[in-house]
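A.B. asks: Provided below are the primary sequence and the corresponding predicted coordinates.
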Amino acid sequence: MTTRRFLFLGLLVSVLLAGVVSFYASSSPDGLEKVAEDIGFIETVEPHAIENSPLADYGVSGVDDERLSVGLSGLIGVGLTAVVAMGGFMLLAKKSKGREHQNAGRSA
């Protein structure tokens, strides 16, 4: 399997999980929220700096359909992660090529 095909399949699986399977995620509280409810300190929760951001609370603000909102949020997250990872990989590859070129000049 080529690297390009492997990356494409990985991205496809990520998109399917984030965009489709996320519709069926549990609406129960996550681990920390559940513990806070069980122990009784959930009332002490204070607002955080990004609670009104466009992607707060696993959804996209302004999208009324909850399933669509969660799916879009997942797809945006996958897309942003892919862009950041690709940028990082490109920087590493460029740095690696520069070192190879520099080392080749020294051995000549």
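C.D. replies: Looks like it came in fine.

A.B. asks: measure the residue most central in space within the chain to residue 34 for me?
C.D. replies: The chain has residue 77 as the residue nearest its centroid, 4.0 Å off, counting by CA atoms, centre = their mean. Distance of residue 77 to residue 34, computed by CB to CB, to the nearest Å: 23 Å. Yep, even glycine has a C-beta here, placed from its N, CA and C like the rest.

A.B. asks: name the helices or strands packed onto the one helix or strand residue 99 maps to?
C.D. replies: Per DSSP states H and E: residue 99 is located in helix 66-107. Contacts defined by 3 or more CB pairs under 8 Å, 6 or more residues apart in numbering; DSSP states H and E place helix 66-107 against helix 3-19.

A.B. asks: in the helix it packs on, what's buried?
C.D. replies: For helix 3-19, burial by neighbour count (16 or more other CB atoms under 10 Å) applies to 14-15, 18-19.

A.B. asks: again, but for stretch 47-58
C.D. replies: In stretch 47-58, the ones that count as buried by 16+ other CB under 10 Å are residue 55.

A.B. asks: would you mind listing the outside residues contacting it?
C.D. replies: By CB atoms under 8 Å, 6 or more residues apart in numbering, the surrounding residues in contact with stretch 47-58 are 60-62, 70, 73, 76-77.

A.B. asks: kindly check the end-to-end length of it for me.
C.D. replies: End-to-end distance for stretch 47-58: 16 Å, by CA to CA, to the nearest Å.

A.B. asks: I am finished for the moment; much appreciated.
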